[in-house]
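Novice: what's the 3D shape of this:
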Amino acid sequence: MKIYTRKGDKGETSLFGGRRVSKDDIRVEAYGAVDELNSALGLAVARLPEALGEWRERLVSIQSDCFTLGAILATPQKGAAKPEHIPELAESRVETLEDWIDELDEELEPLKAFVLPGGSEAAAVLHLASRSCSSTSIGCPISCSHSPGRRTPVPANRTWNGTQEPTHDRPT
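Specialist: Okay, the predicted model is just below:
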């Protein structure tokens, strides 16, 4: 199988089910942002030290959520039932993400200044993932607002909160 199709050369791409849309469609922008976030999380997983194995596992689980979210965004809603092979993002995932964020927040001193990205390679990569997630949390609700019957995927916003640098030792 080739990694290119030559079907997008005229500025269009296919959603699940084959419906063609412009590559500048808000839905394509939204699932592109999710894909970018997933890539940044993958880099973060690769750069986190082995000692942070539990957090690596958590980030990998968020990557799985990203695949699900991308599939949901790439599925047309008008007049079509959601394909059975695309899972739902369970409400319990939001609670899990919030628990992880609370766990990190308990370890932090109150933030007194903006934090410069860096401190360690892993922390810098997590800042990058955080920025990608910020874009995703903006684009997904906009995309969903253009799709009647689709609820806004809250986990994107929670993921952004959870990728924040766990130390505040580098104020701007």
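Novice: What are the boundaries of the strands in this protein?
Specialist: 12-14, 20-22 (DSSP state E).
Novice: out of those, deepest packed?
Specialist: A comparison of those by mean neighbour count, using mean count of other C-beta atoms under 10 Å, puts strand 12-14 on top with a mean of 15. In this view, the C-beta of every residue, glycine as well, is placed from N, C-alpha and C.
Novice: for that one, packing partners?
Specialist: strand 20-22 (3 or more C-beta pairs under 8 Å, 6 or more residues apart in numbering; DSSP states H and E).
Novice: What helices and strands are in contact with the strand it packs on?
Specialist: Contacts defined by 3+ C-beta pairs under 8 Å, 6+ apart place strand 20-22 against strand 12-14, helix 26-47.
Novice: Please identify which of those is closest to A90.
Specialist: helix 26-47 (17.2 Å; C-beta to C-beta).
Novice: which of the residues in that closest one are buried?
Specialist: For helix 26-47, a neighbour-count test (16 or more other C-beta atoms under 10 Å) marks 26-38, 40-45 as buried.
Novice: Over that helix, what's the mean pLDDT, rounded is fine.
Specialist: Throughout helix 26-47, pLDDT has a mean value of 90.
Novice: try stretch 124-133
Specialist: 85.
Novice: from the chain's centre, how far out does that stretch sit?
Specialist: How far stretch 124-133 lies from its chain's middle: 10 Å, per C-alpha atoms, centre = their mean, to the nearest Å.
Novice: about what we covered before: C66: which of the strands of the chain is closest?
Specialist: Counting by C-beta to C-beta, C66 lies closest to strand 12-14 out of the strands of the chain; the figure is 18.6 Å.
Novice: one step back: including distance to L111, could the strands of the chain go into CSV?
Specialist: Shown next, in CSV, are the strands of the chain (distance: least, C-beta to C-beta, whole Å):
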stretch, distance to L111
strand 12-14, 40
strand 20-22, 41
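Novice: export the ones you listed to a markdown table and tack on distance to E109 and mean pLDDT?
Specialist: Shown next, in a markdown table, are the strands of the chain (distance: least, C-beta to C-beta, whole Å; pLDDT from 0 to 100):
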| stretch | distance to E109 | mean pLDDT |
| --- | --- | --- |
| strand 12-14 | 46 | 86 |
| strand 20-22 | 47 | 88 |
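Novice: which stretches of the protein aren't confidently modelled?
Specialist: 1, 78-82, 138-172 (pLDDT under 70).
Novice: Now do the helices in it.
Specialist: Assigned by DSSP state H, the helices in the chain fall at 26-47, 53-73, 91-106, 121-145, 155-162.
Novice: ok, and for stretch 59-68, which residues are buried?
Specialist: Going by neighbour count (16+ other C-beta under 10 Å), the buried part of stretch 59-68 is 59, 62-63, 65-66, 68.
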